[in-house]
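>>> following is a predicted model, sequence given first.
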Amino acid sequence: MTASSLPSFTFRNVLISSALLRVGLILYSEWHDARSLVKYTDVDYRVFTDAAIFISNPGAGDENQAAGPLQGFFGFNFGFGSPYTRETYRYTPLLALLLTPNAWLHPSFGKYVFAACDLLNGWLIYRMLLTEIIPEADQSPGESSSSGSGAGKRRKLNPYLEERRERMATIYSAVHLLNPLVFSISTRGSSESVLSLFVLATLYAAMNENWDWAGVLLGLSTHWKIYPVVYGVSLLGVITATSYSSRERAKMGRIATLVNPKTIRFGIVSASTFVLLGALCYAIWGYPFLFESYLYHVHRLDHRHNFSPYFYLTYLIYPSSSPPTAEAVPLPWWNELIRSPLTSFVPQMGLALGTGLAFGRTKRDLVFAWFVQTVVFVVFNKVCTSQYFLWYLLLLPLLLPELSMSWRRAFSCIVVWAATQGLWLSEAYKLEFLGENVYFSLWVRGLIYVMGNCWVLVQIMKAYRATR
Amino acid sequence: MVSKLSTNSTLSPSYGSHPTIITDVQISLSPTNSDTTCTLFLHYELPPLLFVDPYELELRGAEYQVLETRGRGKKELERPVHALPVNEGDDDEEVGVEVVIQRTLPAETTAPARVELPIHVRYGEPVASSTSKPYTVQEFSGPTVVLTCSDELLSCDRTTTLPQLLLDTIPTSFRGSSLCVALQSPDQSLAISAPLGNTVDLPTVELGTTAVVLACFAWVAWEAWRAGARLRGGASSKVKSN
């Protein structure tokens, strides 16, 4: 007997179980943290909470004040403090605003918000699987649904097929809802589920061909964190594919499939949303918002160990604050090129945007395009922590119905993905907790992490809509 | 009121990035009345390689209160030691962060009072080393401990010059004869071992990182092109069959 054949295995029950699990873990976190110096709650949650307290409790004079030019509206004083009074708070002030009830309602309010976003994400995944992805996957792997109508061509289904699709949608959405990485991260107080909600909502709007809403949600996602901007590239081709007939598209050149009245409108809506949100935050919180939310990430130097092999290079060449004791020897041009930020930026953005253009041609391929774009963005980034994996794991349940892979190959992918992390973590433990000098071997394992994840990605690309 | 005060500090563990300074303060008090209250003040002077997280210390509010944190690197929690702001003027470059904490004691106490201060280790400045695994050993002193009581204290050291931050922090009402000082013995200084990056690795790391990143970039780009061609070929077949 399999789980899927149990009479109680419905999406409703999976959702209820997921909710109870998260509530239980949040209650446990309160009990645990009150009794142990080693906290269940993530350090980031303390940062968010402190920022929320600062934002709702402005100080006297210049202390803890919102630094923007707009302090009030028609005589009403906003009375905001600055979340950036809290060191290491480098997020949008909207997140701190969202969590202000942490201060006056309950310290775990934010965790319940993140858990609720998890559940909403699960529901969105289920709906997209049931209404769009599984029906598409039931077609031949080489086929794609025709453009034009968002409703597509849905025939009346026999009950067996409908039940099978519901069961598959439940199983795949359970992959997200019951994923330990997902529920532990949200119940520990990481805010990734909020951004995931915006990304999935964007995808949901795109799948329903509500392009104005997709533009607004993409702008909101990009305001929250910059990386979703790459999804805009893949959306351009899909907008054209769904907005124009095949005859009209046959007359378009490659440029016109990306730049036409429909895509321009989408771009304007998305960019306007991003700019308006940024302008509002700047108006209230001023330059600290701009620096901490965006500019800091442009110039940040992550020298401490993380999965990315760039950490050791950054550490070895980290600029000193002391004046140099001897005149610096100019580096040869190839050395300057290697140390240039372009050497990391070009591969990362080249792949993130290039794969978006290559795969963003039909609505059916949108999830695949976003998945590949996110994986390459994470793998080739100059810093990588476990939380980043959520960005693409979020999309995996939506991709699974379209993957044709032997169990052996699938198992190999899982093993390689997990083993490269385990290999790195076992060495990082020696550095962080035993104080052993393992910088070089940790760097080597970072290279293995990059190669291993690229291998897994290549397997997934080969398995996508492969002929069975 | 007769009193004795001595202190002993250890670092646990003496390696890794997140050790704790454990200070046991041995106090012997015989208060003359039951209303006597005593307070311990501990002043830590950490080298630039070490730092505290003030927000983490706030979580220990049930044990003690942090009165003051200041100094080089107080806000720059994420930088390596050689990237800390350079002090201007005559400030000692060997001093990083200073911390003063306060702990209230029961009126009659003979049991040692234990105070634990969690600290963190920055990345040290890389060096060129032929051994390929260089380390640095950072020595520093345990905290200066001051005992103050509402009753007059006898038989204790009051001659040691206190650090200025401690003087500024202890309420004036607690000074004078109500004040005892204890210092860590010099032969019991604390030491932590921290690994350092090796600049000899730099050429290998530069070339290796670049080579692997570019190779993986080319590999993924090639496979993505093939996948895209396969998907477009499938779409073309459907159009032709229609």
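Here it is on my side, so go on.

>>> tally of neighbours for residue 20?
Since you didn't name a chain, this refers to chain A. When neighbours are counted by other Cβ atoms under 10 Å in any protein chain shown, A:Leu20 registers 10. Quick note: C-beta positions are derived from backbone N, CA and C, even for glycine.

>>> right idea, wrong chain: chain B
Other residues lying near B:Thr20 total 14 when counted by other Cβ under 10 Å.

>>> one more: A:Ile414?
Close neighbours of A:Ile414, defined as other Cβ under 10 Å, add up to 11.

>>> so where's chain B uncertain?
Under the criterion pLDDT under 70, the flagged ranges of chain B are B:1-3, B:29-34, B:87-93, B:106-111, B:152-160, B:173-178, B:184-187, B:235-242.

>>> where do the helices sit along it?
For chain B, helices defined by DSSP state H occupy the ranges B:54-58, B:164-169, B:202-241.

>>> compare these and give me the one nearest chain A.
Of all those, helix B:202-241 sits nearest to chain A, with 3.2 Å by Cβ to the nearest Cβ.

>>> hmm, that closest one touching chain A?
Yes: under the criterion of Cβ under 8 Å from any Cβ of the partner chain, helix B:202-241 makes contact with chain A via B:202, B:205-210, B:212-214, B:216-217, B:219-221, B:223-228, B:231-235, B:237-239.

>>> what residues does the stretch 251-400 of chain A put near chain B?
Proximity of the stretch 251-400 of chain A to chain B (Cβ under 8 Å from any Cβ) is limited to residues A:303-304, A:309-310, A:312-313, A:315-322, A:335, A:338-339, A:343-344, A:347, A:350-351, A:354-355, A:358-359, A:361-362, A:365, A:372, A:376, A:379-380.

>>> ok, 6 Å please
If contact is defined as Cβ under 6 Å from any Cβ of the partner chain, the residues of the stretch 251-400 of chain A in contact with chain B are A:303, A:309, A:312-313, A:315-316, A:318, A:320-322, A:338, A:343, A:347, A:351, A:355, A:358.

>>> who wins for most neighbours among those?
For these, neighbours were counted using other Cβ under 10 Å, and A:Thr355 has the most, 31 neighbours in all.

>>> the nearest residue to that residue once chain neighbours are set aside: which element?
On the basis of Cβ to Cβ, 6 or more residues apart in numbering or on different chains, the spatially nearest residue to A:Thr355 that is not a chain neighbour turns out to be A:Val372, at 4.6 Å. According to DSSP states H and E, A:Val372 maps onto helix A:366-379.

>>> right, and the helix or strand after that helix?
Of the helices and strands lying after helix A:366-379 in sequence (DSSP H and E), the nearest is helix A:386-393.

>>> how about that following helix: buried residues?
The neighbour-count check on helix A:386-393 (16 or more other Cβ atoms under 10 Å in any protein chain shown) flags A:Tyr388, A:Phe389, A:Leu390, A:Trp391, A:Tyr392, A:Leu393 as buried.

>>> closest to A:Tyr45 out of these?
Within those, proximity to A:Tyr45 (Cβ to Cβ) peaks at A:Leu390, which comes in at 15.6 Å.

>>> so for the nearest residue to the closest one once chain neighbours are set aside, what's the pLDDT?
Taking Cβ to Cβ, 6+ apart, and ignoring the residues beside it in sequence, A:Leu390 has A:Glu192 as its nearest neighbour in space, at 4.9 Å. The predicted local distance difference test score for A:Glu192 is 94.

>>> where do the strands of the chain begin and end?
This is for chain A. Ranges of strands in chain A, per DSSP state E, are A:72-73, A:76-77.

>>> could you do chain B instead?
Applying DSSP E to chain B gives strands spanning B:2-12, B:20-30, B:38-45, B:50-51, B:65-71, B:97-105, B:113-118, B:120-121, B:135-140, B:144-149, B:179-182, B:190-195.

>>> what's the closest of the ones you listed to chain A?
Ranking these by distance to chain A, with Cβ to the nearest Cβ as the measure, places strand B:190-195 first at 3.5 Å.

>>> neighbouring strands of that closest one in the sheet, and parallel or not?
On the basis of DSSP bridges, the sheet neighbours of strand B:190-195 come out as strand B:135-140 (antiparallel).

>>> next one: the partner strand to chain centre, how far?
Relative to the chain's own centre, strand B:135-140 is displaced by 13 Å; criterion: Cα atoms, centre = their mean, to the nearest Å.

>>> just the buried positions in it, please.
Taking 16+ other Cβ under 10 Å as the neighbour-count basis, strand B:135-140 is seen to contain the buried residues B:Tyr135, B:Gln138, B:Phe140.

>>> surely the second one meets B:Leu50?
No: applying Cβ atoms under 6 Å, one finds B:Gln138 not in contact with B:Leu50, separated by 7.1 Å.

>>> domains for chain B, by residue range?
Described in terms of automatic domain parsing, the domain architecture of chain B consists of the residue ranges B:3-195, B:199-241.

>>> mind checking how far the last one is from the chain centre?
Computed by Cα atoms, centre = their mean, the chain-centroid distance of domain B:199-241 equals 44 Å.

>>> do stretch A:86-96 as well
Using Cα atoms, centre = their mean, the mean C-alpha position of stretch A:86-96 is found 17 Å from that of the whole chain.

>>> okay, how far is it across that stretch, tip to tip?
Using Cα to Cα, to the nearest Å, the end-to-end distance of stretch A:86-96 comes out at 11 Å.

>>> just stretch A:248-266 next, same as before
The first and final residues of stretch A:248-266 sit 19 Å from each other (Cα to Cα).

>>> then stretch A:46-65?
20 Å.

>>> interface residues of chain B facing chain A?
Where proximity means Cβ under 6 Å from any Cβ, the interface of chain B facing chain A comprises B:15-17, B:55, B:75, B:80, B:82-83, B:86, B:126, B:133, B:193, B:195, B:197, B:199, B:201-202, B:205-206, B:209-210, B:212-213, B:216-217, B:220, B:223-224, B:227-228, B:234-235, B:238.
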